[in-house]
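# generate coordinates for the sequence data below:
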Amino acid sequence: MDSTSSLGESVRAWFSQRALTFKIAGVSLLALLLLIPLGMVRSTLSERHVRYRETVGSITQTWGGSQQLFGPVLIVPYVHRTEVSEWTESNGKRLLQKKIHETKAEAIFLPERLEINGTIDPSTRQRGIYITHVFTAKAVLKGRFAKPDLGFLGLEGIEPQWKFARVEVGVSDLRGVRETITLRWGANSVAMQPGISCCGSKTGVYAPVVISEGDGTEFALDLNLNGSTGFKVVPLGKETQVRLASSWADPSFNGAFLPTQRQVSAKGFEASWEVSFYGRNFPQQWSYRHSERPPKESEFAAAAFGVELMENINAYRVIERAIKYGVLFIALVFATFFLFEAASGLRLNALNYLLVGAALCLFYLGLLALAEFWRFGAAYCVAAVASLSLVGSYSTAILRTRSRAFLVCGLLALVYGYLYLILQLEDYALLAGTVALFMALAAVMWVTRHIKSAP
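All right, here's what the predicted structure looks like:
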């Protein structure tokens with residue numbers, strides 16, 4: 001009986017000496033278990049984001065997607081005749097006869113000068129609870145083509161088919177064209193028809209033109225387009241000048257060239273580009289059959305430039321970033337509760353920790369639900385207040401004093417505020433988050449510097 005009592009006391013003493021270690025291990029295990037509901041919130045976020053993209057896609061499918069202009073280009077069909085010798089057999093004899101072989105091809109000419117002046121009028125479209133930004137663009141294209149000369153091919157026996165010459169303009173999404181497009185070619189005007197053959201764009205419009213006897217021809221056309229996301233231009237002129245203006249206050253200029261001049265304010269932006277043909281990797285004229293290196297579609301896309309009209313901060317992307325800090329929230333609050341236990345002799349059970357952790361996880365779910373209806377700032381504030389109220393009221397009961405509950409709420413409010421600041425930062429988010437982690441770790445190390453294991 002004495003040996004049994006002695007063994008029991010030894011076991012109790014062994015566990016008592018390591019009670020702090022077991023407590024830390026248990027709290028850490030509970031924190032890791034809370035990664036499961038955080039993962040479920042992340043899964044819900046992904047599902048809602050996919051639904052949002054599908055809804056936006058259905059809106060832009062009927063309104064018009066991202067618009068990219070390619071053109072105008074002048075296309076001149078031609079026939080290349082060459083004399084070839086062929087062996088033929090007649091009456092059992094082989095004879096060498098000369099024949100004329102005809103090859104049909106097209107020569108593509110780009111404008112000497114291209115000017116594009118456009119205004120972009122943004123608006124919103126809503127389907128259900130989802131809202132997306134769209135725009136209406138009005139662009140005036142004008143410039144000049146030099147008289148086409150097929151001598152660049154370096155071939156003999158070429159017969160240009162002048163009566164079949166045409167001008168093509170590529171529009172990446174023809175669904176956005178709002179009205180008839182009329183090409184002013186010299187002194188003539190002609191309505192353009194859908195259809196395009198040049199590889200710089202898969203969709204577009206064309207119009208037959210008459211090649212004049214002069215040195216070149218002036219052209220102009222007006223485009224009214226519906227679109228979304230962005231507006232881009234491929235610089236096809238020897239000299240290309242583009243001027244865009246809009247009431248959108250937060251533009252993102254992108255592509256191969258940035259504006260040479262721009263003004264951005266709360267009332268909108270104005271930007272202008274001046275691009276030389278030396279800045280691109282395709283020539284002023286070519287033939288896909290007879291040129292040594294005709295340009296590829298990827299080369300046209302690489303030279304495009306313009307502006308995107310998208311919000312820099314998307315609520316779903318910001319919430320995804322916020323969830324990554326969920327473990328930090330749980331760790332700091334659990335560490336605070338653990339310090340109260342160690343310093344004041346409180347005894348909290350696993351259920352206390354789990355319920356507080358669940359309240360912290362609900363913050364992200366509430367933020368996601370509210371952000372689909374309100375602006376992110378308002379949704380964040382309401383979700384944070386709800387989480388603070390839940391944790392604060394529960395902490396008052398389990399920590400037994402309001403001062404301790406106020407301390408927990410103050411710490412949590414500080415963390416929520418700092419997280420909001422980090423989420424608003426794009427370039428400095430990593431630096432700010434790292435500084436916060438160092439400060440939190442330093443505070444925990446300072447508070448726990450006198451805590452020792454039981455002897």
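# would you map out the domains in this protein?
21-53+315-447, 65-308 (automatic domain parsing).
# least reliable of these going by mean pLDDT?
Here the domains of the chain differ in mean pLDDT, and the lowest is domain 21-53+315-447 at a mean of 78.
# re earlier: quick one: closest of the domains of the chain to Ile59.
domain 65-308 (5.1 Å; C-beta to C-beta). Backbone N, C-alpha and C define where each C-beta goes, glycine included.
# can you give me the end-to-end span of the closest one?
12 Å (C-alpha to C-alpha, to the nearest Å).
# what is the neighbour count of Arg321?
Number of residues near Arg321 (other C-beta atoms under 10 Å) recorded here: 15.
# try the one 5 residues further on
Under the neighbour criterion other C-beta under 10 Å, Gly326 is assigned a count of 22.
# can you classify the residue lying closest to it once chain neighbours are set aside as helix, strand or coil?
With C-beta to C-beta, 6 or more residues apart in numbering as the criterion, Gly326 has its nearest non-adjacent residue at 4.7 Å, and that residue is Leu38. Three-state assignment for Leu38 (DSSP: H, G, I helix; E, B strand; the rest coil): helix.
# pull the number of nearby residues for Leu38.
Count around Leu38 with other C-beta under 10 Å applied: 20.
# likewise Asn281?
12.
# same check on the one 3 residues further on?
Gln284 has 15 neighbouring residues, counting by other C-beta under 10 Å.
# would CSV of the domains of the chain with distance to Ile59 be doable?
Compiled in CSV, those are given as follows (distance: least, C-beta to C-beta, whole Å):
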stretch, distance to Ile59
domain 21-53+315-447, 11
domain 65-308, 5
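# mind listing the strands for the stretch 201-350 of the chain?
Ranges of strands in the stretch 201-350 of the chain, per DSSP state E, counting those that start in this stretch, are 204-208, 216-228, 230-233, 239-246, 252-255, 261-265, 268-276, 285-287, 305-308.
# how near is the residue nearest to Gly326 to Thr44?
11 Å (C-beta to C-beta, to the nearest Å).
# please apply the same query to Ser389.
Taking C-beta to C-beta, one finds Ser389 at 23 Å from Thr44.
# again with Asn314
16 Å.
# how about Val391?
Between Val391 and Thr44 the computed distance is 21 Å (C-beta to C-beta).
# ok, these two, which is more surrounded?
Applying other C-beta under 10 Å to Val391 and Thr44 shows that Val391 carries more neighbours, namely 22 against 14.
# go ahead and confirm the more buried one touches Ala359.
Yes. Counting by C-beta atoms under 8 Å, Val391 touches Ala359, with 5.1 Å between them.
# now Gly170. Its backbone dihedrals?
phi -90, psi 130 (degrees, to the nearest 10).
# how many residues are close by the nearest residue to it once chain neighbours are set aside?
Using C-beta to C-beta, 6+ apart and skipping the chain neighbours, the partner closest in space to Gly170 is Ser201 (2.4 Å). Counted by other C-beta under 10 Å, the residues lying close to Ser201 total 22.
# return the distance of Ser201 relative to Asn226.
From Ser201 to Asn226 the distance is 17 Å (C-beta to C-beta).
# want to try CSV for the strands of the stretch 201-350 of the chain, with distance to Leu114 as columns?
Below are the strands of the stretch 201-350 of the chain laid out as CSV (distance: least, C-beta to C-beta, whole Å):
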stretch, distance to Leu114
strand 204-208, 16
strand 216-228, 9
strand 230-233, 9
strand 239-246, 5
strand 252-255, 16
strand 261-265, 18
strand 268-276, 9
strand 285-287, 15
strand 305-308, 13
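# list the residues that contact Lys138.
With contacts defined as C-beta atoms under 8 Å, 6 or more residues apart in numbering, Lys138 is in contact with Gly118, Thr119, Asp121, Asp222, Leu223, Asn224, Leu225.
# that one pairs with what?
For Lys138, the beta-bridge partners under DSSP bridges are Thr119, Asn224.
# thought the residue nearest to Gly326 was touching Tyr364?
Yes. With contact defined as C-beta under 8 Å, Leu38 reaches Tyr364; the gap is 7.2 Å.
# next, show the common contact partners of these two.
Ile323, Gly326.
# how many other residues sit next to the residue nearest to Glu159 when sequence neighbours are not counted?
Nearest residue to Glu159 in three dimensions, chain neighbours excluded: Val79, at 4.7 Å (C-beta to C-beta, 6+ apart). Using other C-beta under 10 Å, Val79 is surrounded by 13 other residues.
# ok, now which ones touch Val79?
Glu102, Thr103, Lys104, Ile158, Glu159, Gln161.
# element containing the fifth one?
If you go by DSSP states H and E, Glu159 is part of strand 158-160.
# and the first one, by the same measure?
With elements taken from DSSP H and E, the one containing Glu102 is strand 93-109.
# for the residue nearest to Ala350 when sequence neighbours are not counted, give its distance to Pro295.
Once flanking residues are discounted, Ala350 sits nearest to Leu30: 6.1 Å by C-beta to C-beta, 6+ apart. According to C-beta to C-beta, Leu30 stands 62 Å off from Pro295.
# and if you look at Phe135?
29 Å.
# so between the two, which is more surrounded?
Between Phe135 and Pro295, counted using other C-beta under 10 Å, Phe135 has the larger neighbour count: 24 against 18.
# surely that one is in contact with Asn224?
No. Phe135 sits out of contact with Asn224 when judged by C-beta under 8 Å, with a separation of 11.5 Å.
# how about the nearest residue to Gly230, chain neighbours excluded?
In space, Gly230 is closest to Glu308, 4.1 Å off (C-beta to C-beta, 6+ apart).
# beta partners of the one you found?
Gly230, Ser252.
# how far away is it from Ser58?
21 Å.
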